[in-house]
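Trainee: Fold the following and give me the result.
(2 chains)
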Amino acid sequence: MSESELSVIKPESLKTYIWLQCFDGSIQQVEEEVAMFCPMICREIVKNGTGSSKNHAIALPERVNPSSLSLILDYCRFHQVPGRSNKERKSFDEKFVRIDTEKLCELTSAADSLQLKPLVDLTSRALARIIEGKTPEEIRDIFHLPDDLTEEEKLEPLKNINDDPRIRLLNRLYAKKRKELQERQKLKDIQVQQEQKDERSLDELLCFINGDGGSGGGKAGKNKKRNKRRKDPKNLPKADPEHLNKEEGACAVPCNAGAVNNISRAPCPSSDVQDDNEYPFEDGDLDDGLDPAMQEELDREVEDFARRLNSVWPERMHLGQERRIESQLIGGNGSLQRFSGFNHR
Amino acid sequence: MPMSETELVRSALTVKVYQMDHGSSPTKIRKSVVDEDIISNLPEALRDKILCCLPIKEAVGTCLLSRTWRYTWASMTELMFRRADFASGNDSADDDRRFLKFTDMFLFLHNGPILKFCLNTVANEMVSTGGHLYRWMLMLSRNKIKEIQLQTSIRDSYKVPSSFFSCDELEYVYLRACVFTSLHLPPPSKGFKQLHTLRLEYVTVEGNSLGDLVASCPNLEKLNIRGLCSQSNINIRSTKLKVLKIEGWFTHLNLHAPYLTSVWIGLELNSDTDGASTTRCNFNLSPFIASLSDVETIRFHGHILERVEHEFLILKQPRLFNRLTEISLEINLGDLKEANFALCLFQHAPNLRFVKLKLISRNSAGPTVHFWESIDRDVCLFQNVEVLGLFDFTGSVAELGFLKFLLEGAPVLRKLGIIDKGLDRNVLKYLLKLRRASKDAEILIL
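Mentor: Below you'll find the predicted structure:
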């Protein structure tokens, strides 16, 4: 075809086409300028010279199915046109990702395999928006995720990462216990007087020695430092003896149970444990001469803890926990007997 | 044997097992097959990307979804910690604590490279106090970090941790409210080879640590400093730098960056040291400008023109900035030195299109100079100027003189915007009367 002939033909037909083949074998013809928008296809054309005929169609990656491909081509067709305003592009994008979630996932995957970065960004953001603000159950529903974690496992990360006040409480209590222990060791000669207070069995002592080892000193020191900073009268919590009791109760359990998992859950047998009435600790004879700064800190922690209990806490926390705790408590030795009450409300 | 609720919703993978073991009805099987887990099959990089688009707390929350998602969050590559996400509305100190603990814990449990780390605690001062930042930085320096953005509070300034200087794969850095001491800087051989953008805000610089830092970034293209605070000699030399912005309180600045396309220098003065520091300022502005070859935009704001050397011998050899299209100056047009400087710039910018002047009249006591009227009319200036903006126009003799000079000389001027401080009727009359070289020139008084 000579040049003069070409110029007569409508510009439409001047467009060059290339052939694309999906993994399922289906082949289709696409305007080159549109397809070139995908870096992967562009590279195939430029580098390997494929796609020029039906027999040498560009083989698309497995993750590109025909329906995703047609969406991707729509996307390319719109965005390859120069001179569109940002506003136009944005509103196109917004509408473009308003598709069924499953399709969206496929599209993301397909765009990724074609290295079409702007579309990957767009679809990933859209998927993130779908997930955002939903409960695990809702997300599982949307994406058909298997609910294959045990209750135990679901609780673990919460404790680790969500700054669970009970974990903090526990750590503080451990720190306190360690401090006590250190003091006791220093004052070995007046051990006899101390013994009245120390009702723990050897096993209990060993359990927390083994549990925390070396980090003790540093941690206690740090707590102290933080307390100093917090001397600000506004933040100073009231020294409430009842709080102290509560905290003693919570702390006694871990020593007995010996395993962190159980301990941390022990103080909240049900969501209606809300105020002090629910903790039937009879007496305040547990005064253990805490250093005042430490005491403030502990009071604070307990308040936190109570607040946290009042606020949201997942229902599943209570499934099947009560009985276990109960048996542990009852099975425990002397010092714990009086706390077993708090499970029989 | 009845199937439990949970078993029913299990993934398609386990369906076959049910079929064999329990002989479930065909409808149930098909439902399970259709309900194939559609997101977990995405490649890891995509799942990472989706997580990185989520607020970080929610990203962590995905660990509750299923076994596949259990620890996906722990290898997220882009992290964004925002104090605002932890606002509970009651006890701010407690929120601070929760935020810090969360960040600590997250990094403690994180596994794999961290490419981007963003922190936003602008409204709260807490990050430097407990040494958190130092620990985090150390952690990042071991994880191939490429981008660091720490938007911390101005009241929470910290010394840049030495571990920062061992993050040798950094490409983008944004720090705020920090102090650079000259002690920690790495030897030039090491440095940040990949760093292309360095953005600093309210930064205090000791000695020539800034110059040393720039020298240790052989590929730095953008240097953007707002609120620079320095008492000593800053000596910046770079042949790669394209965009430079330095704004703040400083006294000695020696620049050599010939390939800059955009220059923005702003000098602030402490009101109490206003008079005293005049003599102690030291800038090599003229040789610096003379050395520029590709410059497109020049902005000199604040007191810089007031404080530079007395005589502007801009260019020893006649030379033109052919690419220079935009000039923005904070200038006293009545001051001979400053007016001369502006004229010099205009003369060497034949393709100048946009001019923005913030007018000040500092030495109003000085004699009225008819500088602009005295310029030879044959000098062809402003041949390509399209837009002129004059801020804080007072209508002084010098300003009107300049305006007359420009309007009569600019043939393609489209717009002249004037933001005034209440103009006299006589000034307006005078403005209206001025002859305009461009027939399209529109004068807007805003």
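
Trainee: Can you spell out which helices and strands pack onto the helix or strand hosting B:Asn235?
Mentor: B:Asn235 belongs to strand B:233-237 when elements are defined using DSSP states H and E. Using 3 or more C-beta pairs under 8 Å, 6 or more residues apart in numbering or on different chains; DSSP states H and E, the elements in contact with strand B:233-237 are helix B:209-215, strand B:252-256. Every C-beta, even on glycine, is put in place using the N, C-alpha and C of the backbone.

Trainee: Could you count how many residues lie near the residue in the stretch 151-300 of chain B that chain A sits nearest to?
Mentor: Closest contact between the stretch 151-300 of chain B and chain A, by C-beta to the nearest C-beta, is at B:Asp156 (13.9 Å). If you count neighbours by other C-beta atoms under 10 Å in any protein chain shown, B:Asp156 ends up with 18.

Trainee: what's near enough to touch the closest residue to it other than its chain neighbours?
Mentor: Leaving aside its chain neighbours, B:Asp156 sits nearest to B:Glu125 (3.5 Å; criterion: C-beta to C-beta, 6 or more residues apart in numbering or on different chains). Contact analysis of B:Glu125 by C-beta atoms under 8 Å, 6 or more residues apart in numbering or on different chains lists B:Thr152, B:Ser153, B:Arg155, B:Asp156.

Trainee: could the residues you listed be laid out in a markdown table, adding secondary structure and pLDDT?
Mentor: Below are the contacts of B:Glu125 laid out as a markdown table (DSSP: H, G, I helix; E, B strand; the rest coil; pLDDT from 0 to 100):
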| residue | secondary structure | pLDDT |
| --- | --- | --- |
| B:Thr152 | strand | 90 |
| B:Ser153 | coil | 88 |
| B:Arg155 | coil | 85 |
| B:Asp156 | coil | 83 |
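
Trainee: where are the low-confidence patches of the chain?
Mentor: No chain was given, so I picked chain A. Within chain A, the ranges that satisfy pLDDT under 70 run A:1-14, A:156-171, A:188-295, A:297-299, A:301-345.

Trainee: Chain B is the one I meant
Mentor: B:1-36, B:127-130, B:183-189, B:271-281, B:309-318, B:362-369.

Trainee: Closest residue of it to chain A?
Mentor: Across chain B, no residue is closer to chain A than B:Cys53, which sits at 3.4 Å (C-beta to the nearest C-beta).

Trainee: so that residue sits right up against A:Ile130, yeah?
Mentor: No: contact criterion C-beta atoms under 8 Å: B:Cys53 and A:Ile130 do not qualify, at 10.5 Å.

Trainee: so which residue of chain A comes closest to chain B?
Mentor: Closest point on chain A to chain B, by C-beta to the nearest C-beta, is A:Ala128, at 3.4 Å.

Trainee: how near is the nearest residue to that residue once chain neighbours are set aside to B:Glu78?
Mentor: Excluding its sequence neighbours, the residue lying closest to A:Ala128 (C-beta to C-beta, 6+ apart) is B:Cys53, at 3.4 Å. For B:Cys53, the distance to B:Glu78 equals 9 Å [C-beta to C-beta, to the nearest Å].

Trainee: Out of the contacts of B:Glu125, grab the one that's most surrounded.
Mentor: B:Thr152 (25 neighbours).

Trainee: What number of residues are in the vicinity of residue 151?
Mentor: All of this refers to chain A. If we define neighbours as other C-beta under 10 Å, then A:Glu151 has 12 of them.

Trainee: Switch to chain B, please.
Mentor: Other residues within reach of B:Gln151, judged by other C-beta under 10 Å, total 16.

Trainee: quick one: secondary structure of it?
Mentor: Secondary structure, DSSP: H, G, I helix; E, B strand; the rest coil: B:Gln151 is strand.

Trainee: Quick check: closest non-adjacent residue to it.
Mentor: B:Asn120 (4.5 Å).

Trainee: which residues touch that neighbour?
Mentor: Counting by C-beta under 8 Å, 6+ apart, B:Asn120 has contacts B:Met80, B:Phe81, B:Arg82, B:Arg83, B:Ala84, B:Gln151.

Trainee: Please tell me how far B:Arg435 sits from B:Val397.
Mentor: From B:Arg435 to B:Val397 the distance is 18 Å (C-beta to C-beta).

Trainee: Ok, B:Asn270 next?
Mentor: Taking C-beta to C-beta, one finds B:Asn270 at 31 Å from B:Val397.

Trainee: same deal with A:Ala35?
Mentor: Distance, A:Ala35 to B:Val397, by C-beta to C-beta: 66 Å.

Trainee: Give me the more crowded residue out of the two.
Mentor: Between A:Ala35 and B:Val397, counted using other C-beta under 10 Å, the more crowded position is A:Ala35 (27 against 15).

Trainee: Apart from its chain neighbours, what residue comes closest to that one?
Mentor: Distance criterion C-beta to C-beta, 6+ apart; nearest residue to A:Ala35, sequence neighbours excluded, is A:Ile41 at 4.8 Å.

Trainee: Would you map the helices across the stretch 301-446 of chain B?
Mentor: Assigned by DSSP state H, counting those that start in this stretch, the stretch 301-446 of chain B shows helices spanning B:304-307, B:336-347, B:397-409, B:425-433.

Trainee: got these as a markdown table, with distance to chain A columns?
Mentor: Converted to a markdown table, the helices of the stretch 301-446 of chain B look like this (distance: least, C-beta to the nearest C-beta, whole Å):
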| stretch | distance to chain A |
| --- | --- |
| helix B:304-307 | 35 |
| helix B:336-347 | 33 |
| helix B:397-409 | 33 |
| helix B:425-433 | 36 |
